[in-house]
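Student: Just to be clear, the model below is a prediction. Sequence and coordinates:
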Amino acid sequence: MLYLFYGPDEFRIRQKIKEIIRRYRNKYPDAEVVYLNSFDLLKEQLKIRSLFVPKKLLILSESLYRLQDKVDALKNIIKDYSLKNSTEAFVIFYLKDVLKSIDEKKPLLNFLIKNSKTQKFNLLDFSGLKKYIIQNFNQEGFIISKAAVEKLIFLGDNSLENITAEIEKLKIYKCKEKKISEADVDKICAFKIADINLFHFIDSLSRRNKKDFFAILEKCLNFGIKDEEIFSKIIFQIKNLLVAKCYFLDGGRSYFDLSNKFKMHPFVAKKSAFSQQNFSLEDLQAMLTELFSIDYKIKTGYLEIGEMLVRFLMEI
């Protein structure tokens, strides 16, 4: 039996291989599982026969680039060992460098697609990640809020591997209550601390709450976030607020449409749609103009970034 797994989502490919290994070992407890990193090793393993270990699962992790000139050799191996219908040898081809835009008409890839049980793993989009998170929690009786799902995706940088690791932490943390809120994600999830604090920072900025945003500024600095990063994030967020303000003034209706129209992450769009209500268009334009002026003065060495950042916040 032949399997082919390829595509840019390496995490899901690894998960799929683990699932196959688990099923294989449950069905054939005495079978051998062998990881290979070259085509030549595959040939050697297929030659080895054993009365004591009659079944093998061979996992070849290899680059398509390095295999391109092996089409004829691969055809011979499949024929010689009857791999398409073999019940003794199961071979998984994991092509590591096959990206989303790959030409599937390339001879070796085309041949494997036609002669294997094939699955292509593209990266999940926002909708796919939401579905994955909800299903993962629901399978074990957990309920997660919509806001928590969106926060988890944003803070995980759309990385399924990061998100999955944080899901397991949340399950342990809420093992009794089995309800996950946005506050739980803020408290438990470890990645992108800077963005968590900076979103809170912008929220306090929109409320003109100087006590809160100076407390959050101090917290950001204590986490080791540099002045430059804080400053660039503030510019980024004010830009988003201005885009959102203009969009809704022009008749925009929802943060989903805002996200789609301006290629903005849905979580960022949701926060921006809410916060823009606390600013006038003139306020946002003036703030962004001032920030650009500060940025120019910093880059030309006129003033230190820390001093200008504090002065800007005091004047809001």
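Tutor: Perfect, thanks for sending it.
Student: lowest-confidence helix or strand of the protein?
Tutor: Of all helical and strand segments in the chain, the minimum by mean pLDDT, DSSP states H and E falls on helix 193-206, at a mean of 62.
Student: wait, is Ile59 part of a strand?
Tutor: Yes - membership of Ile59 in a strand is supported by DSSP: H, G, I helix; E, B strand; the rest coil.
Student: I'd guessed it sits against Lys96; true?
Tutor: No - Ile59 is beyond contact range of Lys96, at 11.9 Å (criterion: CB atoms under 8 Å). Every residue, glycine included, has its C-beta placed from N, CA and C.
Student: Please say which of the two ends up with more neighbours.
Tutor: Ile59 (20 against 14; other CB atoms under 10 Å).
Student: Helices along the stretch 151-300 of the chain, start to end?
Tutor: Secondary structure of the stretch 151-300 of the chain by DSSP state H, counting those that start in this stretch: the helices cover 160-173, 182-188, 193-206, 210-222, 227-249, 255-262, 266-275, 281-299.
Student: got it, and the stretch 1-150 of the chain?
Tutor: Counting by DSSP H, counting those that start in this stretch, the helices of the stretch 1-150 of the chain are 10-27, 39-47, 64-67, 71-80, 107-115, 126-138, 146-155.
Student: burial of Lys169, as a residue count?
Tutor: Going by other CB under 10 Å, the residues that sit close to Lys169 add up to 14.
Student: ah, wrong one, I meant Val91
Tutor: 23.
Student: Just name the most buried of the helices of the stretch 1-150 of the chain.
Tutor: Highest mean neighbour count of the helices of the stretch 1-150 of the chain: helix 146-155, a mean of 21 (counted as mean count of other CB atoms under 10 Å).
Student: who's in contact with that one?
Tutor: The contact list for helix 146-155 (CB atoms under 8 Å, 6 or more residues apart in numbering) reads 126, 129-130, 133-134, 144, 163, 166-167, 180-182, 184-186, 189, 191-192, 195-196, 265-268, 270.
Student: Give me the angle between it and helix 266-275.
Tutor: 120 degrees (axes from the mean of the first three to the mean of the last three CA atoms, to 10 degrees).
Student: Give me the mean pLDDT for helix 146-155.
Tutor: The average pLDDT within helix 146-155 is 87.
Student: CA-only coordinates of that helix in CSV, if you can.
Tutor: Extracted as CSV, the C-alpha positions of helix 146-155 are listed here (Å, rounded to 0.1, in the frame of the first residue of the first chain):
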residue,chain,number,x,y,z
LYS,A,146,-16.6,32.9,19.6
ALA,A,147,-14.4,35.7,21.0
ALA,A,148,-12.0,33.2,22.6
VAL,A,149,-11.7,31.3,19.3
GLU,A,150,-10.8,34.5,17.4
LYS,A,151,-8.3,35.6,20.1
LEU,A,152,-6.6,32.2,20.0
ILE,A,153,-6.2,32.3,16.2
PHE,A,154,-4.8,35.9,16.3
LEU,A,155,-2.4,35.3,19.2
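Student: so it versus helix 160-173, what angle?
Tutor: 140 degrees.
Student: Give me the distance between the closest residue to Ala73 other than its chain neighbours and Leu60.
Tutor: Spatial nearest neighbour of Ala73, excluding adjacent residues (CB to CB, 6 or more residues apart in numbering): Phe39 at 7.3 Å. Here the criterion is CB to CB, to the nearest Å. By it, Phe39 lies 7 Å from Leu60.
Student: picking up where we left off before, quick one, which of the helices of the stretch 151-300 of the chain is packed in tightest?
Tutor: helix 266-275 (a mean of 22).
Student: pLDDT (mean, whole number) over it?
Tutor: Rounded mean pLDDT across helix 266-275 is 84.
Student: contacts for it?
Tutor: Taking CB under 8 Å, 6+ apart as the rule, helix 266-275 contacts 126, 150-151, 153-154, 199, 202-203, 206, 237, 240-241, 243-244, 248, 254-256, 258-259, 262, 264.
Student: which residues of the protein score low on pLDDT?
Tutor: 49-54, 97-104, 190-203, 206-208, 219-220, 222-225, 303, 316 (pLDDT under 70).
Student: Leu58 is in contact with Val34, correct?
Tutor: Yes - contact status for Val34 versus Leu58: in contact at 5.3 Å, counting by CB under 8 Å.
Student: list the residues that contact both of the two?
Tutor: Gln45.
Student: From the neighbour counts alone, determine which of these two ranks first.
Tutor: Leu58 (19 against 13).
Student: Quickly list what the more buried one is bridged to.
Tutor: Val34, Val91 (DSSP bridges).
Student: thinking Lys120 is in contact with Arg12, fair?
Tutor: No - counting by CB under 8 Å, Lys120 does not reach Arg12; the two are 10.4 Å apart.
Student: any idea how far Leu160 is from Lys16?
Tutor: Counting by CB to CB, the gap from Leu160 to Lys16 is 12 Å.
Student: My error: substitute Leu46 in the last question.
Tutor: 23 Å.
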